Structures are given as structure tokens and as C-alpha cells.
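# model this:
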Amino acid sequence: MDLAIAVGIAGAVGAVARYLIDGAVQDRTSGLFPFGTTTVNALGSFVLGVVTGVVIRNVGSSDLKAVVGTGFCGGLTTWSTASWETVRLVEEGALDVATRYTLANLAASLLAGGIGLGLGLL
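Below is the predicted model of the structure:
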């Protein structure tokens, strides 16, 4: 299978996973904070960290990184939605929530990515 097609299929799977996970998380939470987007961004960062660690150890191929990292994680994570949600929160006058949301998104993604990388390097 052509690598570009595999990346596209993985991206579609990641996008569907994002939709399902985001919806499931948001259905179980209340308030203005977009927990679903934070969840998918942290999850995608974790998966990308693991894949990166595996590729660094030469256990996985660069094709694996392209398909899972660029395709699946690219479809799963959504910083554009996080940006839009931040602007929406500010427009609604919830500057405190917007600030906490932005910081939580960044911190959760960096922490999850670091943990994933550590596990991938084992």
C-alpha cells in the first residue's frame, strides 16, 4: 500500500476516534471547560511519544512514525479546535476558564508526550 494512502486512512481513523472520544468525555462532564479536546490532545501526544521512542530505538520504522504519528495522531489531536474553544470562552467572558484551559491543554499534552516517549524508549 502506498504510504500516503496509509497515512490518509490512519488520519481518518484518528478523526473518527477524536469525534467519539471528545463526545464521550463531554457527555460525562459539565461546565464550560472543554475536557474532550484536552483529552484527545493529551492522548495523541502520548501515542506520538511512544511511537517516537520506538522509532528512536530503531524498533519501529519511519513509515510507522508517518502512519501513526502524522496520520492517526494528526487526525486525533486538534489544536485548531482548542484555539477556537479558547476564543469562544474569551468571547463569553470566561477569561479565567480560557486561561486554565489553554494551560491545561499545553501541560497535559507535554506531560503525556514525555511519559509516552519514556515508555517508547524502554
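
# which residues touch L43?
I21, L76, A112 (CB atoms under 8 Å, 6 or more residues apart in numbering). Glycine gets a C-beta too; all of them are placed from N, C-alpha and C.

# let's go with 7 Å and repeat that
With contacts defined as CB atoms under 7 Å, 6 or more residues apart in numbering, L43 is in contact with L76.

# residue most distant from the centroid, the protein?
The outermost residue of the chain relative to its centre, with distances by CA atoms, centre = their mean, is G93 at 26.5 Å.

# three-state assignment of that one?
Under the three-state scheme (DSSP: H, G, I helix; E, B strand; the rest coil), G93 adopts coil.

# how close does it sit to L32?
Distance of G93 to L32, given as CB to CB, to the nearest Å: 10 Å.

# now the helices for the chain?
Counting by DSSP state H, one finds helices in the chain at the ranges 3-27, 35-56, 62-64, 74-76, 79-91, 95-121.

# export these as JSON lines, with columns for mean pLDDT.
Formatted as JSON lines, the helices of the chain follow (pLDDT from 0 to 100):
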{"stretch": "helix 3-27", "mean pLDDT": "97"}
{"stretch": "helix 35-56", "mean pLDDT": "96"}
{"stretch": "helix 62-64", "mean pLDDT": "89"}
{"stretch": "helix 74-76", "mean pLDDT": "96"}
{"stretch": "helix 79-91", "mean pLDDT": "95"}
{"stretch": "helix 95-121", "mean pLDDT": "97"}
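
# if I look at the residue farthest from the centre of the chain, how far off is E85?
In this structure, G93 lies at 14 Å from E85, with CB to CB as the measure.

# return the distance of I5 relative to V68.
Applying CB to CB, the value for I5 to V68 is 15 Å.
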